[in-house]
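# need coordinates for the below:
(chains A and B)
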Amino acid sequence: DARVTQTPRHKVTEMGQEVTMRCQPILGHNTVFWYRQTMMQGLELLAYFRNRAPLDDSGMPKDRFSAEMPDATLATLKIQPSEPRDSAVYFCASGSLDQPQHFGDGTRLSIL
Amino acid sequence: GQNIDQPTEMTATEGAIVQINCTYQTSGFNGLFWYQQHAGEAPTFLSYNVLDGLEEKGRFSSFLSRSKGYSYLLLKELQMKDSASYLCAVRDHSTDKLIFGTGTRLQVFP
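Below you'll find the model as predicted:
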């Protein structure tokens, strides 16, 4: 079965460090989404791309977060500098208009 | 804007039937999705409704009424492995964005 692949699965780092999370969408899917999930807020959409173009990043703190899609097989989400409140599970999902979104296994991020 | 409501927690007994409700208010609608999420895992797609009525998939069924802004997920012949969170999500009519509810945590007891 085709899968969305995310790396790393876990990341623990100190406050102030740069964090980069990567996502390989399912081949043939033209939309890619980044979500953050916490116990308090649930699943929040941070940013999404269609055909590699960023369409909406209104859910993302712009001063420290950035999302890019350098090619069709790679999406990245960066946090610089990281803060303890960024600790969460970050999910990438891919889909298309006639396909539901499929989620990767997530990156569990802990900022100390 | 969009607002999605679903119960926070539900409990049920193995072998029983449970119905998880979801109500939504949206400025634009292009389908309603149900996802299952086990603790510590990713959400997995269960069902999709864009037209009114019932969609059946094995033990799981999902119903939609667009005029009432209402959906439910019906789980039959409950198994212990069905203990999970169930997320209702609405897709915006002009984009591919999904807006998720906070999820319903279902616990199935023997």
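# so B:Tyr72 is in contact with B:Ile17, correct?
No - counting by Cβ atoms under 8 Å, no contact exists between B:Tyr72 and B:Ile17, whose distance comes to 11.5 Å. No exception for glycine: its C-beta is placed from N, CA and C like everyone else's.
# between these two, who's got more neighbours?
For B:Tyr72 versus B:Ile17, the count of surrounding residues by other Cβ atoms under 10 Å in any protein chain shown is larger for B:Tyr72: 19 against 12.
# make sure the more buried one is indeed in a strand.
Yes - using DSSP: H, G, I helix; E, B strand; the rest coil, the secondary structure at B:Tyr72 is a strand.
# can you list contacts of stretch B:83-95?
Counting by Cβ atoms under 8 Å, 6 or more residues apart in numbering or on different chains, the neighbours of stretch B:83-95 from elsewhere in the structure are A:43, A:48, A:55-56, B:2, B:4, B:6, B:20, B:22, B:24, B:26, B:28-39, B:43, B:46, B:71, B:73, B:97-101, B:103-108.
# what about 7 Å?
With contacts defined as Cβ atoms under 7 Å, 6 or more residues apart in numbering or on different chains, stretch B:83-95 is touched by A:43, A:55, B:2, B:4, B:6, B:20, B:22, B:24, B:26, B:28-38, B:43, B:71, B:73, B:97-101, B:103-108.
# report the mean confidence score over it.
When pLDDT is averaged along stretch B:83-95, the result is 90.
# buried ones in it?
Buried residues in stretch B:83-95, defined by neighbour count with 16 or more other Cβ atoms under 10 Å in any protein chain shown: B:Ser83, B:Ala84, B:Ser85, B:Tyr86, B:Leu87, B:Cys88, B:Ala89, B:Val90, B:Arg91, B:Asp92.
# in a markdown table: the residues you listed, plus secondary structure and distance to A:Arg9.
What follows is the buried residues of stretch B:83-95, written out as a markdown table (DSSP: H, G, I helix; E, B strand; the rest coil; distance: Cβ to Cβ, whole Å):
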| residue | secondary structure | distance to A:Arg9 |
| --- | --- | --- |
| B:Ser83 | coil | 23 |
| B:Ala84 | strand | 20 |
| B:Ser85 | strand | 20 |
| B:Tyr86 | strand | 24 |
| B:Leu87 | strand | 21 |
| B:Cys88 | strand | 27 |
| B:Ala89 | strand | 24 |
| B:Val90 | strand | 29 |
| B:Arg91 | strand | 28 |
| B:Asp92 | coil | 30 |
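# so can I have TSV of the residues you listed showing distance to A:Lys62?
Written out in TSV, the entries for the buried residues of stretch B:83-95 read as follows (distance: Cβ to Cβ, whole Å):
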residue	distance to A:Lys62
B:Ser83	39
B:Ala84	34
B:Ser85	30
B:Tyr86	33
B:Leu87	27
B:Cys88	29
B:Ala89	25
B:Val90	26
B:Arg91	25
B:Asp92	21
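# which of the residues you listed lies closest to A:Gln6?
Closest to A:Gln6 out of the buried residues of stretch B:83-95 is B:Leu87 (18.5 Å), distances taken as Cβ to Cβ.
# give the bridge partners for that closest one, please.
B:Leu87 forms beta bridges with B:Tyr35, as assigned by DSSP bridges.
# other SSEs contacting the helix or strand of chain B with the lowest mean pLDDT?
Within chain B, confidence by mean pLDDT, DSSP states H and E is lowest for strand B:98-100 among all helices and strands, at a mean of 90. Contact here means 3 or more Cβ pairs under 7 Å, 6 or more residues apart in numbering or on different chains; DSSP states H and E; on that basis strand B:98-100 packs against strand B:84-91.
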